[in-house]
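1. need a structure here:
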Amino acid sequence: MNLGDLELRSAHHKRPPVQRVYTDELPPPPSRAQLDDCPSLSSSISEAPTVIPWVAPTSQQTTPQGSFDTIRPEIQRSSIGTNEEAYASSAPLVVRFDEEQIRNTEIAASKRAPKMEEIDSESSPPTPTDDTPYIRFAIDQLTRDEEISASQRPSTSTSSESYPVDRIIPDYGLGYLSTKQQREELALTRKHRSTPTPEGRLFAFNPTRPLSEHSPSHPSPIPPRQLLSATPESFIPVDAPTHTPKYPTLTFVPTILRPASMITLFIICLLMITALMFCAIYSTYHNGLYEWSGGIYGGRYFLFGFLPQIFAACIFVYVQGVMSATTRIMPYTLMAMDNAEDRAGALFLGIFPRSMLLPRWERPFAIDVSTSLFWLTIFTIPLQSCLFSVIQVNGVWRWTTVQGVAWTLVAIYILALVGIVMSGLFWFHRVTGLIWDPRSLADIFALLPRSNSLGDYPGTDIMANKSEIRNRLASRSDRLGYWMTQHRSQGLFYCIGEEGASTRRYTLASGKISEKFAAAVTYADVEQNAAAYTTEARFRHIPWQLRDTFVIFWVVAGFLTLLALFIVSFLPSTALRNGFPPLVEAAPNRAGFSSANFLYSFIPSVLGMLLYLFFQSLDMTLRKLQPWADLSSPEGATAERSLLLEYTAALPIQCTLVALRDGHMRVALVSLLSFLFILLPVLAGGIFFPLTIPTNEVVMLPNLPAFYICLTILILYVFGLAAFLPSRQSLRLPHAVDSLAEIVSFVYGSRLLEDAAFRAPRSKADLVTRLMATHRDTGRAPRYGFGLYRGRHGKDCLGIEKLSRQGSPVLMMGEEPEPPIERPPMSHSRVRVTPGRGIPITIRGPYV
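-> Next up, the predicted model:
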């Protein structure tokens, strides 16, 4: 058949009424010879009132019932009425044509044609849609006779069943794409498309339907009847409705990133720039600022030797708070973006503050630039410590400003201003995808109950590192925001989801709603799955700072350094109170710069800053692991002491007070010391100052009160390092928990996501109230544990689960092998795991 010789003159979009006739009313099916002698369609209309359609072999064409279902619009579905049972039947159909009605239909269609042309000429061109699946369907129907005749011939590579072209088009339920092809097509299209509006969303259904009577008011097609149970619903992203209290806007930004806070930081930096410029200019035109008096123990020495560092430390802590909040909400902000490429990789970004020892670039360009500019502020405290020096003017020593240092600080603070402006503009009216601040584990879990993106997570709980999890979750671009499905009656819902992927499906069994999974779990799978959950895998990971070798090294190195400092400081022959020669030029030049003053002020302050930043990383590591340590205890922990802990987002003093209230003494001690150690760079930069002694020698003399305070802080530093020696086994996990993907891997199979406490909370207060509510029978708050449990999909999982009142459904794994745990006998056969291979337990049915 040559399709190029065909000419389509007209088509009637009205279909004649169809009357269903049951099978017992039909004559016996004709033979193949009788069908060859059948009259044409035109003759059958005028000669025979009944037409029996030819039923082609099922191996060569789509069945008439399935074909009609595929393209049947919703209006026709509702018009079937009492014949619905007959429609669903697989019996052959008899079509009766009414000639008078056909002529009336043609006249009505000819009258409407000019109107449709006028509408088409006045309106803009429609959005182009890809009808390739329907075109192929039509070609298959037109050429089915040829296919039937060719069925006797051997198939070749050029058969009509295979197309040599890779498809990147949706299938729309016609059955021409396999599940694997659809998956690859979803990933490819999601990578190169964005979803700005609901009408243009990726995977929105094609509103153009062949042979359909649908009006433009029905843009979404309904899946075929036979595919309703096989084709799951898809997630369709939508924007939050405006002026609707039920659906708040997803523009939450932490207080420290809001315009008022950023303007405050901008003003503080501007005041610092103004003060530095005033000091630099005034001392140039007035031969210094003040006369030297009172020595290194007077008030003026405190004013010029320590106060500048204190002001710089306040700004530095403020900047750290801005960077911490930015790190915390950046993954959610990326997932709320419309572009799929922007969302890619957001699951693997760190959500906890990290050390400022080195800058990091892994966010949007504006945030990368502002973070790099903020990172320069680590040099402000050391530079402020050598900002002022003394010069001799007409035989009188006067305090003056070191010009080079002052203008360097001005440049750094101007760059910080640029970073503040860029960061403030980025967060101004930014859609972050958040309703409240995600400061705890519970805030993350509240985004998952309705998520459809958990199907790829099985097995990630026992993976060793982020790279393995990233490989498992490759080609993903999860989105955070509001969603809907094809069934609008379900309304909008808020969660982390995968655009175009199917929804999670549930079933009702024994009066209990449970999630439905694609494949049943066999006990061979259970045995293979359980063998992977070994004690070694459970306690595999601990941050490198807290490993045995490093912790012991920190403590020993700190103790030896402190001992050497004490010996050098108080040994009579080397006592620091007598001073020591500077070994470099001590006399200042005309700009006030003294090599000795700069060396013995800047270097000690830099060392103090390094100690402060290093201990801060240890503090943050302990803060983020403390909830997991409580969950790993044999009796579990309440939500207040685990899921709701906000140590990583709390302010320094606030963290200490909350940790004392919750009984986490080590966290309280370490967080307090971490904040106290900011005094190390502040005081170390002002300890030494060059002075002339009565023997006319220039020596570096210490400010003894500041020196003794520094020694005390260093003693506390060693004690703080020693606090990490005990009870580190509970801090071990199968892998790190620095990103969203790593955290979700420990809860993807948990029935915690089905708990009412996490079911669409309206606010953070609502979530906290639900989790802290006590049981009406026992009067106790629910407890949660971390260990091995039987997941919702029927397989073993490592992660967080809610402990039941009858007993823990979570197997708390110890460091040493334990005897097998006997479960109540079940009707099915046992699957025993050898203690040497996996967890020493005997599996007898589900744990929960």
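
2. Ramachandran angles for residue 653?
-> phi -70, psi -40 (degrees, to the nearest 10).

3. no wait, residue 483
-> phi -140, psi 160.

4. Now do residue 590: how many residues are near it, please.
-> 9 (other Cβ atoms under 10 Å). Glycine gets a C-beta too; all of them are placed from N, C-alpha and C.

5. Now it: closest residue in space that isn't a chain neighbour?
-> residue 391 (7.7 Å; Cβ to Cβ, 6 or more residues apart in numbering).

6. Run a quick check on the one you found versus residue 403, I expect a contact.
-> No: between residue 391 and residue 403 there is no contact under Cβ atoms under 8 Å: 11.4 Å.

7. so what's residue 391 bridging to?
-> residue 398 (DSSP bridges).

8. what is the rounded mean pLDDT of whatever helix or strand residue 276 lives in?
-> Per DSSP states H and E: residue 276 is located in helix 259-285. The average pLDDT within helix 259-285 is 95.

9. The helix or strand following it pairs with which strands, and in what direction?
-> On the C-terminal side of helix 259-285, the closest following helix or strand by DSSP H and E is strand 290-291. Partners of strand 290-291 in the sheet, by DSSP bridges, are strand 396-401 (antiparallel).

10. Mind listing what's buried along the strand it pairs with?
-> Across strand 396-401, burial judged by 16 or more other Cβ atoms under 10 Å covers 398, 399, 400, 401.

11. need the next SSE after the helix ranked longest in the chain, C-terminal direction.
-> When the chain is scanned for its longest helix (criterion: DSSP state H), the result is helix 595-631. Going down the chain from helix 595-631, the next helix or strand is strand 637-638, by DSSP H and E.

12. Tell me which residues are up against that next one.
-> 627, 630, 631, 772, 781, 782, 783, 784, 785 (Cβ atoms under 8 Å, 6 or more residues apart in numbering).

13. please redo it, this time with the cut-off set to 10 Å
-> Under the contact criterion Cβ atoms under 10 Å, 6 or more residues apart in numbering, strand 637-638 has outside partners 627-631, 643-645, 662, 771-772, 774, 780-786, 803.

14. Tell me the confidence at residue 376?
-> You'll see residue 376 listed with a pLDDT of 95.

15. residues touching the nearest residue to it once chain neighbours are set aside, list them.
-> Closest residue in space to residue 376, ignoring its immediate chain neighbours: residue 412 at 5.1 Å, by Cβ to Cβ, 6+ apart. Taking Cβ under 10 Å, 6+ apart as the criterion, residue 412 is in contact with 269, 272, 273, 276, 312, 373, 376, 377, 378, 379, 380, 383.

16. Now the phi/psi pair for residue 412, please.
-> phi -60, psi -40.

17. So for it, what's the pLDDT?
-> Per the predicted model, pLDDT is 97 at residue 412.

18. now do residue 144
-> Predicted confidence (pLDDT) for residue 144: 52.

19. And residue 54, by the same measure?
-> Residue 54 is assigned 41 on the pLDDT scale.

20. Where do the helices of the stretch 301-450 of the chain begin and end?
-> All helices of the stretch 301-450 of the chain, identified by DSSP state H, counting those that start in this stretch, fall at 307-335, 340-343, 365-375, 380-385, 403-427, 441-445.

21. Which positions within stretch 491-500 qualify as buried?
-> Buried residues in stretch 491-500 (16+ other Cβ under 10 Å): 492, 493, 494, 495, 496, 497, 498, 499, 500.

22. and if you look at stretch 702-715?
-> 702, 703, 706, 707, 709, 710, 713, 714.

23. With only the CA atoms kept, save that stretch in CSV.
-> Provided in CSV are the C-alpha atoms of stretch 702-715 (Å, rounded to 0.1, in the frame of the first residue of the first chain):
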residue,chain,number,x,y,z
PRO,A,702,53.8,39.4,76.8
ASN,A,703,50.6,40.8,78.2
LEU,A,704,50.5,38.3,81.1
PRO,A,705,46.7,38.4,81.9
ALA,A,706,45.9,37.6,78.2
PHE,A,707,48.7,35.0,78.2
TYR,A,708,47.3,33.2,81.2
ILE,A,709,43.8,33.2,79.8
CYS,A,710,45.1,31.7,76.6
LEU,A,711,46.9,28.9,78.6
THR,A,712,43.6,28.2,80.4
ILE,A,713,41.7,28.0,77.2
LEU,A,714,44.3,25.6,75.7
ILE,A,715,43.9,23.4,78.8
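
24. Need the contact partners of that stretch.
-> Outside stretch 702-715, the residues that touch it by Cβ under 10 Å, 6+ apart are 295-297, 301-302, 305-306, 558-559, 561-562, 565-566, 569-570, 575-580, 600, 604, 608, 611, 673, 676-680, 682-689, 720.

25. Just the buried ones among these, please.
-> Buried by 16+ other Cβ under 10 Å: 296, 301-302, 305-306, 558, 576, 579, 600, 604, 608, 611, 673, 676-680, 682-689, 720, out of those.
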